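Colleague: Give me coordinates for this.
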Amino acid sequence: MGRADVYHTFLPECNEGGDFTMNQAIRQAIVAHRLENAHKTLAELPILMENKLWNTAVNRLYYACYYAVSALLISYNIEAKTHSGVRSMLGMNFTKTEKLSIEMNKFYFDLFENRQASDYADSFISIVKQWMNYINRLLFS
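Modeller: Numbers count the residues shown, from 1 in each chain. Model (predicted):
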């Protein structure tokens, strides 16, 4: 969903081609939408792993985190237009300011790199299992 689509989805009364300012209500709606996408995407992983669809699992794991990170950035009124931009803004605004651990930033960076590599590689079984264990520790410990 592109930026204009997001505005029209969450603020349908906006006219075509307008220059929109993201107010608090729009920002909250977009954040909620991105977090919902993150949860739904993460829920796909057990099925993908059960069917040994490892490359797709890496992709979905990355996108679950991407949606969550982009929601975080939007909640702080930080805009990034590309996946690399999201990664850069996370590092600059959260890791460098010590709001986010270096370990978490490295985790996201590794996901970004391996998601791109998984598009061209044969198998990422050990990576998916390692990251699933890591996420489970973060979420449930």
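Colleague: taking the mean pLDDT, what do you get for the host helix or strand of residue 130?
Modeller: For residue 130, the enclosing helix or strand under DSSP states H and E is helix 125-140. For helix 125-140, mean pLDDT is 66.
Colleague: so residue 98, which of the three states?
Modeller: Three-state assignment for residue 98 (DSSP: H, G, I helix; E, B strand; the rest coil): coil.
Colleague: give the contact list for it.
Modeller: Contacts for residue 98 (Cβ atoms under 8 Å, 6 or more residues apart in numbering) come out as none. Bear in mind the C-beta positions are built from the backbone N, C-alpha and C, glycine included.
Colleague: cool, residue 77 as well?
Modeller: The contact partners of residue 77, by Cβ under 8 Å, 6+ apart, come to 22, 27.
Colleague: From residue 100, how far off is it?
Modeller: Distance of residue 77 to residue 100, given as Cβ to Cβ, to the nearest Å: 17 Å.
Colleague: One more: residue 47?
Modeller: Distance of residue 47 to residue 100, computed by Cβ to Cβ: 29 Å.
Colleague: Who has more neighbours out of the two?
Modeller: Taking other Cβ atoms under 10 Å, residue 47 and residue 100 do not tie; residue 100 has more neighbours (17 against 12).
Colleague: Looking at the more buried one now. What's its pLDDT?
Modeller: 87.
Colleague: you'd agree it is up against residue 89?
Modeller: No: at 11.4 Å, residue 100 does not count as touching residue 89 under the criterion of Cβ atoms under 8 Å.
Colleague: biggest helix in this protein, by residue count?
Modeller: helix 54-75 (DSSP state H).
Colleague: could you point out which element follows that one?
Modeller: helix 83-90.
Colleague: where does this structure have low pLDDT?
Modeller: Within the chain, the stretches with pLDDT under 70 are 1-21, 118-128, 131-141.
Colleague: List the contacts of the helix or strand where residue 115 lies.
Modeller: For residue 115, the host element (DSSP H and E) is helix 102-118. Applying Cβ under 8 Å, 6+ apart, the contact partners of helix 102-118 are 54-55, 58-59, 61-63, 65, 69, 83-84, 87, 90-91, 94-95, 124, 127, 131, 134.
Colleague: at 6 Å instead, please
Modeller: Residues from elsewhere that reach helix 102-118, judged by Cβ atoms under 6 Å, 6 or more residues apart in numbering: 55, 58-59, 62, 65, 87, 91, 95, 124, 127.
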